[in-house]
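Participant: Sequence plus the predicted model coming up.
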Amino acid sequence: MWSLVGVFFAAAFAVNAIPHFVAGVQGRAFPSPFASPPGVGMSAPPVNVLWGAANALAAWALFCPVAGFDPARTGHLIAGAAGGLVMALFLSRHFGRVMKQAGRD
């Protein structure tokens, strides 16, 4: 049971790493928890690269050492897909609103 929870959150961290890392590498400001206000204000590209890398590291730590991710186990695949999808849907709504308010849509 706990390994499925670990895989769910690992996938969520992995999905969250993508927009931060990509925006940072592209040299674009992007919302992060370190902005003012947190999660709404824009952070500098290096902050987003570091935040994306931290999320990727957390995903790896949960996938491998904690959950012992095994792609041959159907439960692990379902939990990973669910975690990734839930985070992707949340981020699409959140960042869509933030970017629209910032006039960057």
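Facilitator: Happy to help now that I have it. Numbering: from 1, shown residues only.
Participant: Report the secondary structure state of the most centrally placed residue in the chain.
Facilitator: Centrality entry for the chain: nearest residue to the mean C-alpha point is Asn16, 0.9 Å, by CA atoms, centre = their mean. Here Asn16 is recorded as helix under DSSP: H, G, I helix; E, B strand; the rest coil.
Participant: What is the neighbour count of the nearest residue to it once chain neighbours are set aside?
Facilitator: If you skip the residues right next to it in sequence, Asn16 has Asn55 as its closest partner in space, 4.8 Å away by CB to CB, 6 or more residues apart in numbering. From N, CA and C alone the C-beta is placed, and that goes for glycine too. For Asn55, the count of nearby residues is 21 (other CB atoms under 10 Å).
Participant: I figured the residue nearest to the centre of the chain was touching Leu91, is that so?
Facilitator: Yes. Applying CB atoms under 8 Å as the test, Asn16 and Leu91 come out as touching, 6.6 Å apart.
Participant: and the one helix or strand the residue nearest to Asn16 maps to, what other elements does it pack with?
Facilitator: For Asn55, the enclosing helix or strand under DSSP states H and E is helix 45-61. In this structure, helix 45-61 makes packing contacts with helix 2-25, judged by 3 or more CB pairs under 8 Å, 6 or more residues apart in numbering; DSSP states H and E.
Participant: For the residue nearest to Pro46 when sequence neighbours are not counted, list the residues it contacts.
Facilitator: Taking CB to CB, 6+ apart as the measure, Pro46 lies nearest to Gly24, with 6.5 Å between them; neighbours along the chain are not counted. For Gly24, the residues meeting the contact criterion (CB atoms under 8 Å, 6 or more residues apart in numbering) are 30, 45-52.
Participant: Please work out the angle formed by the directions of the helix holding Asn55 and helix 2-25.
Facilitator: Note on geometry: by axes from the mean of the first three to the mean of the last three CA atoms, to 10 degrees, helix 45-61 and helix 2-25 are set 160 degrees apart in direction.
Participant: That'll do, ta.
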